[in-house]
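Visitor: Make a model of this:
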Amino acid sequence: MQGFEVSELIPRGFVVEGAMKDDDGFVIAIRGAATVCRCPTCGGVCSRVHSQYRRRLGDLPAAGVRIALILRTRRFFCDAAACGRRIFAERFEAVEPRARRTSRLDDVVHCLAIVLGGRPAASLSRRLNVEVSNDTLLRMVRRRGPRSFPPPTIVGIDDWAWRRNHRYGTLVCDLERHATIALLPDREPATAEAWLAQHSQICVVARDRGGGYGVAAQRALPHAIQVADRWHLMENASSAFLDAVRKSMRQIRTAMGATVINPSLLTFAERLQHEGYLRREETNAAILSLFEQGIAIKEIVRRTGYSRGLVRKILRGQRSDIFRVRQSSLEPYLPWLDEQWEAGCRNGAALWRALRLRGFRGCLRVVSEWSARRKKVDKADPTALGRVPSARSVARLLAIGRERLSKAETITVAATESGVAVLVEAREIILEFQGIIRRKALADLDVWISRAPLSLVAAFANGVSKDRAAIEAAISLPWSNGQTEGQICRLKLVKRQMYGRGNLDLLQARVMGLA
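Guide: Predicted coordinates:
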């Protein structure tokens, strides 16, 4: 086996003068191998030595043992008459001027700081026998800063939260190179427009459905193709159908035969909800009455004291919610309870003990309340309050396949479809739009746009018409904003590693520092 040489531990360009072992590890004395040096100012070759001094450098550990280098550094005279520097210190490729670590150790420390941040990287570096503080790690990240990128041609742009619902920034991603290339301090259209105007070579901009970035791209890059994000298109379509279901909940309740609310059948918590529901109904009726009299929205806001957003929501039919009974932990066991009830078992305590054997983890009071209500329902009007699912549940039941529905769910869907035909039409229109996106059937978009404005999802259809060029590009081009969303998730991870306290320069350096 070939013997081990100490010179194999040190960087290239140095000669070993000696080595020793101390309490902290190995100490290796080295010097530069070159006999001459170039002046850092004029570049002339200098050989006349003025003096020398010693520098202590940290280097990569070997087999878990800390390595320290004692570098003998020479000072040279510069004899060039035109050079303003007379004396200079020797320069080395493996060590930066005035550095306390070798360049290869600096690279490792920089990578640790970018990936882990300050304190976690400092803790790991101590385990690796590299002594460096968390402040030094962050200073190194800031000093090196983000790396440079070639001019992008296809980018994605989206917002990210400094603090949710309070402050936002903007992230720009190079979709061809899968890398974040810019972090902007806010999401104002003017800021995005200024950045885009500096990169006139961009030809494709992928964005979400929000109008701010679309306006910025149109102003800064009128020649660029804007691409709407396909995931947001699918999500917006689902949200439009959910809004249609919410507007139709009164008709759905009528179709299910649950139009009368008997307060005597409600629990205490449900009575509180019912009182709030009645107050909301009074507010809705008052605002609709004022609007029918021809009063403007601004005047309605002034008279009632409610916000403009709430008034607009009521006038658009987005607050016509219905009262529904609370969902219970007994939901999975209701079919079995109905069977026992029909068989003559009417004792709540006995039913609770049997349910405990079947895995029910609730208390006796839950079953007792159900039993008491069931007894009242048997004596009440058959058109009294029934269990109507929420709007979100109805939308889900209408959208999924019939083969995945239970018997009770199938009855609910059948009653809804027979009683609210316009909702069935809205579902077909939404499913058709999502099919166009999935199949990338651009030719079917014209037919859909002509049909959709006459349905319950007319607002969504109008938005599609206004953003038609970007949606057509999303259907026909391979680009989308999914990469940008992934980079935002990575940015969130970096922010959480720093407990949300990183400034913009540190975030840029960490997110854009490595490939």
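
Visitor: In the helix or strand bottoming out on mean pLDDT in the chain, which residues are buried?
Guide: Ranked by mean pLDDT, DSSP states H and E, the helix or strand of the chain with the weakest confidence is helix 364-379, at a mean of 75. Buried residues in helix 364-379, counted by 16 or more other CB atoms under 10 Å: V366, V367, W370, S371, R373. Heads up, the C-betas are built off the backbone N, CA and C, glycines and all.

Visitor: And stretch 429-438, by the same measure?
Guide: I429, I430, E432, F433, Q434, I436, I437.

Visitor: Likewise for stretch 147-165?
Guide: Neighbour-count burial for stretch 147-165 flags P152, I154, V155, G156, I157, D158, D159, W160, W162 (criterion: 16+ other CB under 10 Å).

Visitor: List just the nearest of these to L398.
Guide: Using CB to CB, D158 comes nearest to L398 of those, at 30.8 Å.

Visitor: would you say the closest one is within a strand?
Guide: Yes - with DSSP: H, G, I helix; E, B strand; the rest coil as the criterion, D158 is assigned to a strand.

Visitor: what's the nearest residue to it if we skip its chain neighbours?
Guide: T484 (4.6 Å; CB to CB, 6 or more residues apart in numbering).

Visitor: ok, so what distance separates that neighbour from W160?
Guide: Distance, T484 to W160, by CB to CB, to the nearest Å: 9 Å.

Visitor: mind listing the strands for the protein?
Guide: Here the chain has its strands, by DSSP state E, at 14-21, 25-32, 37-38, 45-46, 49-62, 65-77, 87-89, 154-163, 167-174, 179-184, 204-207, 225-228.

Visitor: so how many other residues sit close to E339?
Guide: 10 (other CB atoms under 10 Å).

Visitor: again with D107
Guide: Applying other CB under 10 Å, we find 13 other residues in the vicinity of D107.

Visitor: list the contacts for it?
Guide: For D107, the contact set (CB atoms under 8 Å, 6 or more residues apart in numbering) is empty.

Visitor: where does it sit relative to A206, distance-wise?
Guide: From D107 to A206 the distance is 34 Å (CB to CB).

Visitor: Distance from the least confident helix or strand of the chain to the middle of the chain?
Guide: How far helix 364-379 lies from its chain's middle: 45 Å, per CA atoms, centre = their mean, to the nearest Å.

Visitor: now stretch 86-106
Guide: That offset, for stretch 86-106, works out to 42 Å (CA atoms, centre = their mean).

Visitor: Start and end of it, how far apart?
Guide: Separation of the first and last residues of stretch 86-106 by CA to CA, to the nearest Å is 30 Å.

Visitor: neighbouring contacts of it?
Guide: 11-14, 32, 37-41, 46, 50, 56-60, 69, 71, 73-78, 109, 130, 140.

Visitor: Can you point out the buried residues in that stretch?
Guide: By 16+ other CB under 10 Å, the buried positions in stretch 86-106 come out as F88, A89, E90, R91, F92, A94, V95, R101, T102, L105, D106.

Visitor: before we move on, back to that, just name the closest of the buried residues of stretch 429-438 to T304, please.
Guide: I430 (33.9 Å).

Visitor: now, the most widely separated pair of the buried residues of stretch 147-165?
Guide: By the measure CB to CB, I154 and W162 form the most distant pair in the buried residues of stretch 147-165, at 26.6 Å.

Visitor: now S125: how far from D135?
Guide: Distance, S125 to D135, by CB to CB: 13 Å.

Visitor: Looking at those two now, which is surrounded by more residues?
Guide: With neighbours defined as other CB under 10 Å, S125 and D135 compare such that S125 has more, 21 against 11.

Visitor: any chance you could read off phi and psi for the closest residue to that one other than its chain neighbours?
Guide: Spatially, and ignoring its direct neighbours in sequence, S125 is nearest to V132 (5.1 Å; CB to CB, 6+ apart). In terms of degrees, to the nearest 10, the main-chain angles of V132 are phi -150, psi 140.
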